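Visitor: coordinates for the following, if possible.
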Amino acid sequence: MPEKKTIARARKAKREGKAPTTQAGEFVREEIEHIREGKHGAKNAKQAIAIGLSKARRAGVKLPAPKKGTTSERTRKQAKRTTAKAKASPTTRRKSAKRSRATTEALKRAPRSAASTRALSRQARQAAPRRRKRTARSRTKRAAASE
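Guide: The predicted model follows:
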């Protein structure tokens, strides 16, 4: 469950008319903090971001699932499932203490380096050219359509 502060910041971003990805950024930031604190674990920065986006979808941020060809089929299905979960009514089932404890122990063993400044910087540098390539492609499509 996301912290109340995070949800409040995301709602504020929505009121200001910010994009869903900006609203989801608050959840990603929270997730990175959790990994640094040892509350959560992630193998790499990409996974940390994915967990944050999943939390954002569950909290009701209108973040669409990735388009076909950008990620694996499994990732897209999971994103759709998470979005659907947000729309469904919340269940009030009691959490299993045994499962909860097992999860906590597993997360304690997970590395913290995924949320390091170095790892996040590396992830940002790797993602930037892919974004540039995507915008360049859409620009050429628009130019061809206008001719």
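
Visitor: just for the chain, where's the confidence low?
Guide: Within the chain, the stretches with pLDDT under 70 are 89-92, 147.

Visitor: now do the same end-to-end measure for stretch 104-120.
Guide: With CA to CA, to the nearest Å as the measure, the ends of stretch 104-120 fall 24 Å from one another.

Visitor: from the rest of the structure, what touches it?
Guide: Identification of contacts with stretch 104-120 by CB atoms under 8 Å, 6 or more residues apart in numbering yields 32-33, 35-36, 38-45, 47-48. Heads up, the C-betas are built off the backbone N, CA and C, glycines and all.

Visitor: okay, buried residues for it please.
Guide: Neighbour-count burial for stretch 104-120, counted by 16 or more other CB atoms under 10 Å, picks out A114, A115, A119, L120.

Visitor: for it, the distance to its chain's centre please.
Guide: The gap between the average C-alpha position of stretch 104-120 and the chain average comes to 16 Å, counting by CA atoms, centre = their mean, to the nearest Å.

Visitor: give me the element A42 is part of.
Guide: Secondary structure assignment for A42, by DSSP states H and E: no helix or strand.

Visitor: give me phi/psi at it?
Guide: phi -150, psi 140 (degrees, to the nearest 10).

Visitor: for it, give its distance to G52.
Guide: Taken as CB to CB, to the nearest Å, the spacing of A42 relative to G52 amounts to 10 Å.

Visitor: any common contacting residues for these two?
Guide: E31.

Visitor: so A128 belongs to a helix, correct?
Guide: Yes: A128: assigned to a helix according to DSSP: H, G, I helix; E, B strand; the rest coil.

Visitor: what's the local residue count around it?
Guide: Residues lying near A128 (other CB atoms under 10 Å) number 10.
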